[in-house]
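Engineer: Pasting a predicted model and its sequence here:
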Amino acid sequence: MSQEKRLIVEGLSIEFGGQSVVRNLSFTLEPGKTLALVGESGSGKSVTARSLIGLAGEGARVTARRLSYAGQDLLSLSERGWRDLRGKDIGFVLQDALVSLDPLRPVGKEILEVLQTHRWGDRRSRGERVIELLETVGVPEPRLRARQRPDQLSGGLRQRALIASALALNPGLVIADEPTTALDATVQAQILDVLQQIKARGDSLLIISHDLAVVAQLADEVLVLRHGEVVEQGPMEQVLRNPRHAYTRSLLDAVPAEHAPGTRLSREHGAAPAQPRAGADSPVLLTANGLGKRYVGPDQQVRQVVDGVSFELRAGRTLGIVGESGCGKTTVARIALGLLEPDAGHVQFLHLPWAAAGSHRVEEQSRRRHRRDISVIYQDPLSSFDPRWSVGQILADALDVAGIPFEQQRPRIAQLLHQVRLPAELSSRRPLQLSGGQRQRVAIARAIASNPKVIICDEPVSALDVSVQAQVLDLLADLQASLGLAYLFISHDLGVIRHVSDEVLVMRHGKVVEYAPVETLFENPQHEYTRRLLGAVPRLPGAGSKLVVPPLEPESAVLLFDESRLWKIAI
C-alpha cells in the first residue's frame, strides 16, 4: 500500500449553529497504523469520525486547513463523490448496532448492499462474499444468520454484522466507532484480531473507544479529546502508561478492572463513600431451579437456549451473569422477570411461585401484586423511553404503575432525580436532549420508582464512556447500600462484573459451567471455558498478563433470538 493512502487532518474545526464542538484538530494517519480517539461522551470523537466520511450531520460547518485521504481533497467532494468513497475506500463501523441496521430486512442483505452499490462481483460471488465476511467476524452458522433480521440476533451478532459490512470491500481506511462495545470477551478478542489484520495488510485504522484496554491492544498513537480540544497526544505506551495530563489520568483511574472490587471509581463532587454490601446470609429473594427454554428457528430446528440453569439472589447482594453472546443470558433474565414462561424448571420470588413450566404455570394475575418489587434497567435506555415524553412524564408513568397517587408524584419525581444525582430542571427535557450518562441515570430513577427489592440490570453501562460508567457504577453501589437492593447484573465486561458482583454465574450454550464467589472465580477459575473468557480480556499496559489456555473445540451456537425488544414492549 503506497504512502498516498494516508489520511491528513490539519486544523479541523466543526460547528453547529455557531457553537464549536471540535477545535483545531490535527493528526496524520499512515498506512498500516492505528490512531485511537478517546475521551468522554460529548468530547467530539464521533463527530470527528463522521466528518471524515461526509456525515458530520445536518447543519454542521466543517472547516480545515487540510483534510485529505489518498491525496484527494475531502472538503471539495460532492455528495456523489462521498458516496463513491464510502465503503470502497473508507469503511465505517457505526456506533450503535441496536439501531443502525434496517429492522425490516435480513442482515445478509445489509452487507450485500455495499457490494451491489459499488458493483462488486456477480450475484453468486456476492452471496459467497457475504458468508465469508460473516465467518471472518466470528458469526456462527453464517448462512442461517444472513437470513435473519436484526431483532432475531443478539446485540453482539448485530455488531459483528456491522463490522462485516464495513470490511466488505477491503477499504484502505477503516473508521470504527466503538466497534467492540456490545461484545463479550471472547468475541471481542476475535474482532480485535480482525482489526489487527487491517493493519497487517497495510491499511489504516481510526478507532474510537471508551475501552482503554481495547485501545491499548490496537493503537499505535492515542489522541485524547476533551470538550472538542486535544489535551494529550502521543504514542500509546506513553499516553496510557505515563499520562501527562490530569484528565487522561482520571480516565485511567475510572477503569474498574484496575481497582479492587468495591472501591470507588469516580470523583463526583459530594458523592458519599461506598458502603459495605449485605452478607452472604441475607434473605433469599429470587430462586431459579432447573430452568429450561427451547425455540424453533427459521430453519425449523429446535434449539435449547437455556438448559438446567439454577441460582439464588439474596437481599443487598449482586449476582453477575457472564457468557458469550447467544449463551442464554437474556432469556434467563426474561424468565426471572416473569415475562417468559420456562419449558422446564421454576422461579420463586419472595418465596412465592413466579414462573414455572407445564401444569405449574403461574398466571400473570397472581404475579401482579408483586410486580413493583422487581424492576429492570435496560442496555439501551433511549430505545426504552417514549421519545415524545419528558423525563418527568417517564417517571410519572413509572409511579402510576407503582400505584403512587397523582398528588404525591411531583415531590417523588424530585426525590428520584436527587437520588440519581440529576438536577430537578431536567424533568422537563426529553430523552434526546440528554447525554448518554444522563439517560442512564433516568433509567435507574425509573427502575427504583416503585421501591423494588430486585433490579435486573441488562448491560446497564456497556454504552457509556469510562468516566460516566464509573459514576453510574458508584451510583448503583450507593443505591444498593441505602435501599438494600439486590441486582441480577448481566454484562459482557468482566472488569465490571468483578467490580460489582458478590457471586458470578458463567453460562455457555445455555448451561451454567461455573458458579462461585467473585474472588474465587477470578483468582482460581475451575472450568476451561471460564479460563478462556478471563484470558481473552484485554489489559492496559503494565496491568499484568492474561491467562493463557488452549482454545476450546468449536461448537455450534444455539441462540437464535434476542428478545430484548420484546421484553421492553412487555414492560
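Structural biologist: Structure's in. What do you need?
Engineer: quick one, what contacts G316?
Structural biologist: Contacts for G316 (Cβ atoms under 8 Å, 6 or more residues apart in numbering) come out as 277-278, 282, 480-481, 484-486. C-beta: built from backbone N, CA, C; applies to glycine.
Engineer: so of the residues you listed, which ones are in helices?
Structural biologist: 480-481 (DSSP state H).
Engineer: Put the buried members of the contacts of G316 into a ChimeraX selection.
Structural biologist: Of the contacts of G316, the buried ones go into a single ChimeraX selection, burial set by 16 or more other Cβ atoms under 10 Å:
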select :277,278,480,481,485,486
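Engineer: can you put the contacts of G316 in CSV and add pLDDT and distance to Y515?
Structural biologist: Shown next, in CSV, are the contacts of G316 (pLDDT from 0 to 100; distance: Cβ to Cβ, whole Å):
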residue, pLDDT, distance to Y515
R277, 71, 18
A278, 76, 19
S282, 93, 18
Q480, 94, 21
A481, 91, 24
G484, 93, 23
L485, 95, 21
A486, 97, 16
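Engineer: What residues are bridge-paired with P235?
Structural biologist: Taking DSSP bridges as the rule, P235 bridges to E221.
Engineer: Go ahead and confirm it touches E221.
Structural biologist: Yes: between P235 and E221 there is a contact under Cβ atoms under 8 Å: 6.0 Å.
Engineer: So for the two, which sits in the more crowded spot?
Structural biologist: E221 (18 against 12; other Cβ atoms under 10 Å).
Engineer: That one and Q238, how far apart?
Structural biologist: 9 Å (Cβ to Cβ, to the nearest Å).
Engineer: Repeat that for G279.
Structural biologist: According to Cβ to Cβ, G279 and Q238 sit 45 Å apart.
Engineer: out of these two, which sits in the more crowded spot?
Structural biologist: Q238 (15 against 11).
Engineer: that's a strand at L192, yeah?
Structural biologist: No: counting by DSSP: H, G, I helix; E, B strand; the rest coil, L192 is not part of a strand but helix.
Engineer: How many residues are close by it?
Structural biologist: 18.
Engineer: And the pLDDT at it?
Structural biologist: Looking at L192, its pLDDT is 87.
Engineer: In contact with it, which residues?
Structural biologist: The contact partners of L192, taken as Cβ under 8 Å, 6+ apart, are 180, 214, 217-218, 538.
Engineer: Among those, which one is most surrounded by other residues?
Structural biologist: Most neighbours among the contacts of L192, by other Cβ under 10 Å: T180, with 28 neighbours.
Engineer: What are the contacting residues of stretch 73-89?
Structural biologist: Counting by Cβ under 8 Å, 6+ apart, 52-54, 62-64, 67-70, 72, 92, 114, 117-118, 166, 168-169, 171-173 sit against stretch 73-89.
Engineer: can you tell me which of those residues are in helices?
Structural biologist: Taking DSSP H, the ones among the contacts of stretch 73-89 that sit in helices are 114, 117, 166.
Engineer: and those, which are buried?
Structural biologist: For those, a burial check counting by 16+ other Cβ under 10 Å picks out 114, 166.
Engineer: how about CSV for the ones in helices among the contacts of stretch 73-89, with pLDDT and distance to G108 added?
Structural biologist: Shown next, in CSV, are those (pLDDT from 0 to 100; distance: Cβ to Cβ, whole Å):
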residue, pLDDT, distance to G108
V114, 92, 11
T117, 91, 15
A166, 91, 15
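Engineer: Let's have the ones in helices among the contacts of stretch 73-89 in CSV, adding distance to Q190.
Structural biologist: Shown next, in CSV, are the ones in helices among the contacts of stretch 73-89 (distance: Cβ to Cβ, whole Å):
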residue, distance to Q190
V114, 21
T117, 27
A166, 15
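Engineer: which among the contacts of L192 gets closest to I456?
Structural biologist: Nearest to I456 among the contacts of L192, counting by Cβ to Cβ, is T180 at 23.7 Å.
Engineer: Checking that closest one next. Helix, strand or coil?
Structural biologist: Under three-state DSSP, T180 falls in the coil class.
Engineer: Look up how far D220 lies from it.
Structural biologist: 18 Å.
Engineer: what sits against V174?
Structural biologist: Going by Cβ under 8 Å, 6+ apart, V174 touches 90-93, 166-167, 195, 198, 203-206.
Engineer: 6 Å instead?
Structural biologist: By Cβ atoms under 6 Å, 6 or more residues apart in numbering, the contact set of V174 is 91, 198, 205.
Engineer: Per-residue pLDDT of it, please?
Structural biologist: Looking at V174, its pLDDT is 95.
Engineer: Just give the nearest non-adjacent residue to it, would you?
Structural biologist: Excluding the flanking residues, the one nearest V174 by Cβ to Cβ, 6 or more residues apart in numbering is G91, at 4.4 Å.
Engineer: quick one: the one you found from V305, how far?
Structural biologist: Counting by Cβ to Cβ, the gap from G91 to V305 is 33 Å.
Engineer: same deal with L115?
Structural biologist: For L115 relative to V305 (Cβ to Cβ), the value is 32 Å.
Engineer: out of the two, which sits in the busier spot?
Structural biologist: Neighbour totals were compared for L115 and V305, and V305 leads with 24 against 21 (other Cβ under 10 Å).
Engineer: name the element that one belongs to?
Structural biologist: Using DSSP states H and E, V305 sits in strand 302-314.
Engineer: And that strand, what does it pack against?
Structural biologist: On a contact count with 3 or more Cβ pairs under 6 Å, 6 or more residues apart in numbering; DSSP states H and E, strand 302-314 meets strand 284-296, helix 329-336.
Engineer: Run the chain-centre distance for it.
Structural biologist: Once both centres are worked out by Cα atoms, centre = their mean, to the nearest Å, strand 302-314 turns out to sit 23 Å from its chain's centre.
Engineer: lowest average confidence, helix or strand, in this protein?
Structural biologist: helix 564-570 (a mean of 33; mean pLDDT, DSSP states H and E).
Engineer: show me what contacts I444?
Structural biologist: For I444, the contact set (Cβ under 6 Å, 6+ apart) comprises 377, 420.
Engineer: so it sits in a strand?
Structural biologist: No: counting by three-state DSSP, I444 is not found in a strand; it is helix.
Engineer: how near is it to G392?
Structural biologist: Counting by Cβ to Cβ, the gap from I444 to G392 is 16 Å.
Engineer: go on, A146?
Structural biologist: For A146, the distance to G392 - Cβ to Cβ - is 44 Å.
Engineer: Please say which of the two ends up with more neighbours.
Structural biologist: Higher neighbour count among A146 and G392: A146, with 22 against 18, using other Cβ under 10 Å.
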